[in-house]
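In: the following comprises the amino acid sequence and a computationally predicted model.
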Amino acid sequence: MPMLDVDHLHWLSDRECWRRLEITDEDWAAFRGLLTAHRPLDGVRGGLHHFALVVYDEDNRLPVNIIPHQYIVDGEGRIVPDNMAGLTREERHDFDRIMRSGRYGPGDEARITDIRNKMSAAYKLPRGARAAIRTMLRDNPKRGSAAEAFVNASDPVERA
């Protein structure tokens, strides 16, 4: 399976807009402390931070998934330990597998719905962030994709 292109976005709450992080997937993994030593991201220190990963199709043009993240970061740029939304190891594995695939296999839609329901409180975006993400997309989301569902969803319980 080919690697899909990903844009890493960071919500700037003081400006109420997204900024594109010029980082690699390896940089993102290091920020999260996954499979490598931690490395902070430029401009991400102390406080609550929102991110979105926009996953593109095989042609690197159409968004197929948008994955919000919310982390509390300490003064050294590390994610504080208790930011996994209460997911089990199996749930984290399934979530990662389904999100990376960009499409649903048998049983995946029900599984991801269950996981997202469990995670929803931990990953609510700030007011205006969902609408603003459209300005960061290379093109309209692929029809029928998780990205299309994300941008079209209304989220009446956005954080103030």
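Out: Received, thanks. Since this is a predicted model, take the numbers as computed values, not measurements. Numbers count the residues shown, from 1 in each chain.

In: from here on, just use CA atoms for contacts and neighbour counts.
Out: Will do.

In: tell me who's in contact with Met99.
Out: Counting by CA atoms under 8 Å, 6 or more residues apart in numbering, Met99 makes contact with Asn65, Ile67.

In: looking at this, it is in a helix?
Out: Yes. Using DSSP: H, G, I helix; E, B strand; the rest coil, the assignment for Met99 is a helix.

In: for it, give its distance to Val55.
Out: Distance of Met99 to Val55, computed by CA to CA, to the nearest Å: 9 Å.

In: what does the residue sitting furthest away from the middle of the chain show for phi and psi?
Out: Within the chain, the residue lying farthest from the chain centre (CA atoms, centre = their mean) is Pro106, at 23.0 Å. The phi and psi values for Pro106, taken as degrees, to the nearest 10, are phi -60, psi 130.

In: ditto for Leu34
Out: Taking degrees, to the nearest 10, you get phi -100, psi 120 for the backbone angles of Leu34.

In: the residue farthest from the centre of the chain and Phe95, how far apart?
Out: Distance of Pro106 to Phe95, computed by CA to CA: 14 Å.

In: need the CA coordinates for the lowest-mean-pLDDT helix or strand in the chain. PDB is fine.
Out: Ranking every helix and strand in the chain by mean pLDDT, DSSP states H and E puts helix 89-101 at the bottom, with a mean of 81. Presented in PDB, the C-alpha positions along helix 89-101 are these (Å, rounded to 0.1, in the frame of the first residue of the first chain):
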ATOM      1  CA  ARG A  89      -4.400  -0.600  23.100                       C
ATOM      2  CA  GLU A  90      -6.700  -2.600  20.700                       C
ATOM      3  CA  GLU A  91      -8.800   0.500  20.200                       C
ATOM      4  CA  ARG A  92      -5.800   2.700  19.400                       C
ATOM      5  CA  HIS A  93      -4.500   0.000  17.000                       C
ATOM      6  CA  ASP A  94      -7.900  -0.200  15.200                       C
ATOM      7  CA  PHE A  95      -8.200   3.600  15.100                       C
ATOM      8  CA  ASP A  96      -4.700   4.000  13.600                       C
ATOM      9  CA  ARG A  97      -5.300   1.200  11.000                       C
ATOM     10  CA  ILE A  98      -8.600   2.500   9.800                       C
ATOM     11  CA  MET A  99      -7.500   6.200   9.700                       C
ATOM     12  CA  ARG A 100      -4.400   5.300   7.700                       C
ATOM     13  CA  SER A 101      -6.300   3.300   5.200                       C
END
